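Engineer: Let's see this in three dimensions:
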Amino acid sequence: MWAHTLTWTEVDPSRHPFELDQDATKALTDLVSVLLPSPKVAEEDRLRSLEPVTRFLVDRYGRWACGWNWSVGEGDTDGGVIGTWCCTSHSVTTADETAPLVVAGLLEWRDWLEDLTERFATLAPPSHSTGATADPWHWERACTRLVTVVADRTQAESGWYGHCEQVLGWFLAYNGIEEERASEITEGAIGGRFGSWIAPDATVVDAVSSQFARAVGRTG
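Structural biologist: Here you go, the predicted structure:
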């Protein structure tokens, strides 16, 4: 249940239908509330106190749901995009106050995944060309735009580049590139150029995007 390890297959919204209306949202909030730790327990055992909540959401909706508390900066899990949830030590108060935050975090995470899917569709090369047969411009443009949006959503805070690498890998998987090869491409392209607490400047993004496009071009 570690969001950093989620694959595109596990988060792809088309594979995991999800929708909550007002009644379903209230019902889910009620179910979550009984699983929440007390503030004292949350403070004493920050890393494990929310496991029952996460496991419940994963069992109910799929492993993608484990990203519900992947908050911006140094929260429960470093370097995410969730603004609704801060961290266990600050966000866990009474059950009535905390349960809605959990559900809001889940919805925010799902919105992010759906937003990425729309971006992937827009940035993908023409359907008849992938890997080495696609114009490198498509891959370079996609990398530049995805790095930019992830840096913005994570506020380029602590560990943001981990999710950035993950999103680039998801984009490659969306375009049919095997997961292990996608990991090689993204790791090689970023190559330690990104750091915590600082958004990359245009020169760095250009270098990463160029390397990304070249590496994809070598994929047959």
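Engineer: From here on, just use CA atoms for contacts and neighbour counts.
Structural biologist: Fine.
Engineer: tell me the residue furthest from the middle of the protein?
Structural biologist: Each residue of the chain has a distance to the centre, and by Cα atoms, centre = their mean the biggest one is for K40: 29.2 Å.
Engineer: And the pLDDT at it?
Structural biologist: Looking at K40, its pLDDT is 94.
Engineer: now swap in the one 3 residues further on and tell me
Structural biologist: As summarised for this prediction, E43 has a pLDDT of 88.
Engineer: That one: what's its closest spatial neighbour, skipping adjacent residues?
Structural biologist: Spatial nearest neighbour of E43, excluding adjacent residues (Cα to Cα, 6 or more residues apart in numbering): S89 at 5.3 Å.
Engineer: List the contacts of A27.
Structural biologist: Applying Cα atoms under 8 Å, 6 or more residues apart in numbering to A27 gives no contacts.
Engineer: all helices for this structure, in order.
Structural biologist: For the chain, the helices defined by DSSP state H cover 8-11, 22-33, 39-44, 51-61, 88-91, 95-123, 136-153, 160-174, 179-190, 202-217.
Engineer: Please identify the most buried of those.
Structural biologist: Per-stretch averages of neighbours, counted by mean count of other Cα atoms under 10 Å, single out helix 160-174 among the helices of the chain, with a mean of 23.
Engineer: relative to helix 136-153, how tilted is that helix?
Structural biologist: 140 degrees (axes from the mean of the first three to the mean of the last three Cα atoms, to 10 degrees).
Engineer: and helix 160-174, how far out from the chain's middle?
Structural biologist: 8 Å (Cα atoms, centre = their mean, to the nearest Å).
Engineer: now for that helix, which elements pack on it?
Structural biologist: helix 8-11, helix 136-153, helix 179-190 (3 or more Cα pairs under 8 Å, 6 or more residues apart in numbering; DSSP states H and E).
Engineer: Mind doing that once more with 6 Å?
Structural biologist: Counting contacts by 3 or more Cα pairs under 6 Å, 6 or more residues apart in numbering; DSSP states H and E, helix 160-174 packs against helix 179-190.
Engineer: on contacts alone, who are the packing partners of the helix it packs on?
Structural biologist: Helix 179-190 sits against helix 160-174, helix 202-217, with contacts defined as 3+ Cα pairs under 6 Å, 6+ apart.
Engineer: Residues in contact with it: which ones?
Structural biologist: Outside helix 179-190, the residues within contact range by Cα atoms under 6 Å, 6 or more residues apart in numbering are E165, G169, L172, V208, Q211, F212, A215.
Engineer: same thing but at 10 Å, please
Structural biologist: Contact with helix 179-190 is made by 7-9, 143, 161-162, 164-173, 176-177, 191, 204-205, 207-216, 218-219, as judged by Cα atoms under 10 Å, 6 or more residues apart in numbering.
Engineer: and it, average pLDDT?
Structural biologist: Helix 179-190 comes out at a mean pLDDT of 96.
Engineer: Number of residues surrounding the closest residue to V41 other than its chain neighbours?
Structural biologist: Closest residue in space to V41, ignoring its immediate chain neighbours: S49 at 6.8 Å, by Cα to Cα, 6+ apart. Close neighbours of S49, defined as other Cα atoms under 10 Å, add up to 19.
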